[in-house]
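>>> I'd like to go over a predicted model; first the sequence, then the structure.
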2 protein chains.
Amino acid sequence: MHDICAAPMAGRRERKKQRTREALVDAAFRLFQEKGFDATTVEEIADEVDVSSRTFFRYFASKEDVVLTFQEEQFTTMLEALSSRPAAEPVLTALRNAAVSVIRACENGQYGFDPERFGCIQQMMESSPAVFGRSLEHGQKKQSEITRIIAERMGVDPAADLRPHVMAGLANCAFHSAFEVLAAGVAKTDRFSEVVDEVFAVMEDELAYRSEKETATG
Amino acid sequence: MHDICAAPMAGRRERKKQRTREALVDAAFRLFQEKGFDATTVEEIADEVDVSSRTFFRYFASKEDVVLTFQEEQFTTMLEALSSRPAAEPVLTALRNAAVSVIRACENGQYGFDPERFGCIQQMMESSPAVFGRSLEHGQKKQSEITRIIAERMGVDPAADLRPHVMAGLANCAFHSAFEVLAAGVAKTDRFSEVVDEVFAVMEDELAYRSEKETATG
DNA sequence: CCAAAACTGTCATGCTGTGACACATGTCGT
DNA sequence: ACGACATGTGTCACAGCATGACAGTTTTGG
C-alpha cells in the first residue's frame, strides 16, 4: 500500500495479470483472423486461455475493447509525437507529421508495434461495423486530449475558442477518410501511412484553393 | 401484386403498419426522455404500444435505430439541399450552406421536422455513448452518398480521386465537431445550426491561414 | 368467399455484460 | 514462516439485445 516505486512489474501478481491479458489478446486476434470478429464469441477466447468468460470481462469492458487497446496505444504515441513537433510548424502540419510518423512506425514494427496485427485491425475495421463504430466513438472521446495539446500550442483557451476543437476534429477526420478511401480501393497504395498523408495534403490544397474564391455564405 | 400506383398509402395494412411504427417511435422517445436511453428497454417500448418485443425488431433493426431514423431523414434532406446548391459555389461553401439550412429547418420545425424531438436527440447523443457511436457509424456509412454528389459537382471520378471523399469527410467532421463543441459548452450559442456554421467558418479561415505559411512536410 | 400473402405472437436460443458470493492465491508486516 | 488482508478468479444468476422458427390471425385480391 506504500506505493514506494510505481514500477510496472511490482510483484508476481502483476506479472501474472499481464501474462493473462496478453494471452487473451493473442487468442482473440488469432480467432478474429480465423473466423472473423463477429463469429468469435467471448467464451471461445476465454476458453483458449483457460479462464472463465467472467474473467475476460474483468480485463476488457467489451469484446471490441480488445481491438481498441491498440488504438489506444497508437493514440498515446501520436500525442507524444504531436507534443514534440516544433512549435514553428502550423497546427495542421504538426498533426500531419505526427500522425504519419506514428502510422509508419506501426507499419514498420518500430516501438514494439506488430505490423501484422496492425493489418489485422485494418481488416476488421472494414469487415465489422461494430468494431468500426466503437473505433469512431473511441476516437471522438479521445479527441479532447488532442484539443488540449493544440490549444496549448496555439496559446488559446480551449474552453472559449472553437479553433483547437475543430483542428483536432480534422485530425480525426483524416483517419476516418483514410480508412474509407482505403476500403473503397480509391488509393493507389495499400500503405495506410501514405493514404493519411495524401488525405492531409488534399485538405490543405483543397481548402487553400477554396479560400481564393469568394466566401459567399448566402 | 400489380403495383399500379406506388402511392405511399396503398391499403389498410400499410396504414396500420405506419401507425404502429409511429406509435413505437413516439413511445420510444417519450420513455427515452423520461428515463434515458440506456435505462429504457425494448420491452417497455413495445408494451407501451401493446405489441411484442419481437414486433419491435421487425420495425427497427436495433434500439438505436429508432433514433437513427431521424438522422436518416435529415441526411436525405441535406443531400437534396446539396444537390440544388448553385454549381458556382465552391464545394465547401455548398456543403456549409446545405448543412446549415437543413439544421435550421429542423430547429424551426419546417418540412415536418419536430424541433422538440430534434433537441431530444441532441441530448441523447451527449448522454448515451451507444447512440453517439451508432450515429457516427451511420454518418460514415452514408458518407459515400455525399461523396458521389460532390464528385459529380467537381466533375471527377470518385473511384480514382481522393478529393471528393475527403470533402465529404469534412462535412461529417463539421457535424461531429459541432456536437463536441456544444457538449463541451464552448459555443456562445445553443443553436446547433449556428455552431455548425461557425465550425465551417473556422475550417475555412484556419486552413486558409495555414496555407499562407510554408508547407514544410519534412 | 376462398386462397395466398403478410403481419404478429409465442417460444426457444445465443451472445454480451454485470452483480453477488465463495474460494484460492499473492502480499505484507512481524 | 505465519497470519491478516487484499486481490484475482470461478460459479451462478440474471437482464437485455437480437434472431430464427412456427403457428395463428388479419388483409388482400380475385
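Arrived safely.
>>> by how many degrees do the worst-scoring helix or strand of chain A on mean pLDDT and helix B:192-212 diverge?
None of the helices or strands of chain A scores lower by mean pLDDT, DSSP states H and E than helix A:192-212, at a mean of 82. Helix A:192-212 runs at 100 degrees relative to helix B:192-212, counting by axes from the mean of the first three to the mean of the last three CA atoms, to 10 degrees.
>>> so what secondary structure elements neighbour helix A:192-212?
Secondary-structure packing of helix A:192-212 (3 or more CB pairs under 8 Å, 6 or more residues apart in numbering or on different chains; DSSP states H and E): helix A:91-108, helix A:162-184, helix B:91-108, helix B:162-184, helix B:192-212. C-betas here are computed from N, CA, C, even on glycine.
>>> Which positions in it come out as buried?
By neighbour count on 16 or more other CB atoms under 10 Å in any protein chain shown, the buried set for helix A:192-212 is A:192-200, A:202-204, A:206-208, A:210-211.
>>> Tell me where the model's unsure across chain A.
A:1-9, A:208-218 (pLDDT under 70).
>>> Near DNA strand D, which residues of it are found?
Within chain A, the positions adjacent to DNA strand D are A:1, A:13, A:16, A:17, A:20, A:50, A:51, A:52, A:54, A:55, A:58, A:59 by CB under 7 Å from any atom of the strand.
>>> Count the neighbours of the third one for me.
Yep, that's residue A:16 we're talking about. Neighbour count of residue A:16, defined by other CB atoms under 10 Å in any protein chain shown: 10.
>>> what do you get for the second one?
Applying other CB under 10 Å, we find 8 other residues in the vicinity of residue A:13.
>>> measure stretch A:76-96 end to end?
With CA to CA, to the nearest Å applied, stretch A:76-96 spans 15 Å between its terminal residues.
>>> And that stretch, how far out from the chain middle?
Centroid separation for stretch A:76-96 versus its chain: 15 Å, with CA atoms, centre = their mean, to the nearest Å.
>>> What residues sit buried inside that stretch?
Within stretch A:76-96, the residues scored as buried using 16+ other CB under 10 Å are A:77-79, A:81-82, A:85, A:89-96.
>>> Spatially, which two of the residues you listed are the most separated?
Among the buried residues of stretch A:76-96, the pair separated by the greatest distance (CB to CB) is A:77 and A:90, at 21.7 Å.
>>> Mind splitting chain A into its structural domains?
Domain assignment for chain A by automatic domain parsing gives A:9-60, A:62-212.
>>> pretty sure residue A:206 is touching residue B:163, no?
Yes. Residue A:206 is within contact range of residue B:163, at 5.9 Å (criterion: CB atoms under 8 Å).
>>> can you redo the helices and strands packed on helix A:192-212 as CSV with distance to DNA strand C?
CSV is the format used below for the helices and strands packed on helix A:192-212 (distance: least, CB to the nearest atom of the strand, whole Å):
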stretch, distance to DNA strand C
helix A:91-108, 25
helix A:162-184, 22
helix B:91-108, 29
helix B:162-184, 22
helix B:192-212, 30
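>>> could you dump these to a markdown table with distance to residue B:70?
Listed next are the helices and strands packed on helix A:192-212 as a markdown table, based on distance: least, CB to CB, whole Å:
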| stretch | distance to residue B:70 |
| --- | --- |
| helix A:91-108 | 33 |
| helix A:162-184 | 22 |
| helix B:91-108 | 9 |
| helix B:162-184 | 14 |
| helix B:192-212 | 13 |
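>>> nearest to residue B:131, of the ones you listed?
Ranking the helices and strands packed on helix A:192-212 by proximity to residue B:131 (CB to CB) places helix B:162-184 first, at 11.3 Å.
>>> what's the spacing between the closest one and its chain's center?
For helix B:162-184, the separation from the chain centroid amounts to 12 Å (computed by CA atoms, centre = their mean).
>>> Skipping adjacent residues, who's closest to residue A:40 in space?
Distance criterion CB to CB, 6 or more residues apart in numbering or on different chains; nearest residue to residue A:40, sequence neighbours excluded, is residue A:31 at 4.4 Å.
>>> Which of the helices or strands spans the one you found?
In the assignment (DSSP states H and E), residue A:31 maps to helix A:12-35.
>>> can you tell me if the helix or strand following that helix touches DNA strand C.
Remark: after helix A:12-35, the chain's next helix or strand is helix A:42-49, criterion DSSP H and E. Yes. Using CB under 7 Å from any atom of the strand, helix A:42-49 comes into contact with DNA strand C via A:42, A:43.
>>> Can you tell me the centre-most residue of chain A?
Nearest residue to the geometric centre of chain A (CA atoms, centre = their mean): residue A:71, 3.3 Å.
>>> is it true that that residue touches residue A:138?
Yes. Applying CB under 8 Å, one finds residue A:71 in contact with residue A:138, separated by 5.8 Å.
>>> that older thread, need the buried residues of stretch A:76-96 in JSON lines (columns: distance to chain B).
Formatted as JSON lines, those follow (distance: CB to the nearest CB, whole Å):
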{"residue": "A:77", "distance to chain B": "20"}
{"residue": "A:78", "distance to chain B": "17"}
{"residue": "A:79", "distance to chain B": "17"}
{"residue": "A:81", "distance to chain B": "14"}
{"residue": "A:82", "distance to chain B": "15"}
{"residue": "A:85", "distance to chain B": "11"}
{"residue": "A:89", "distance to chain B": "7"}
{"residue": "A:90", "distance to chain B": "5"}
{"residue": "A:91", "distance to chain B": "7"}
{"residue": "A:92", "distance to chain B": "5"}
{"residue": "A:93", "distance to chain B": "7"}
{"residue": "A:94", "distance to chain B": "10"}
{"residue": "A:95", "distance to chain B": "11"}
{"residue": "A:96", "distance to chain B": "7"}
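>>> With that, I have no additional questions.
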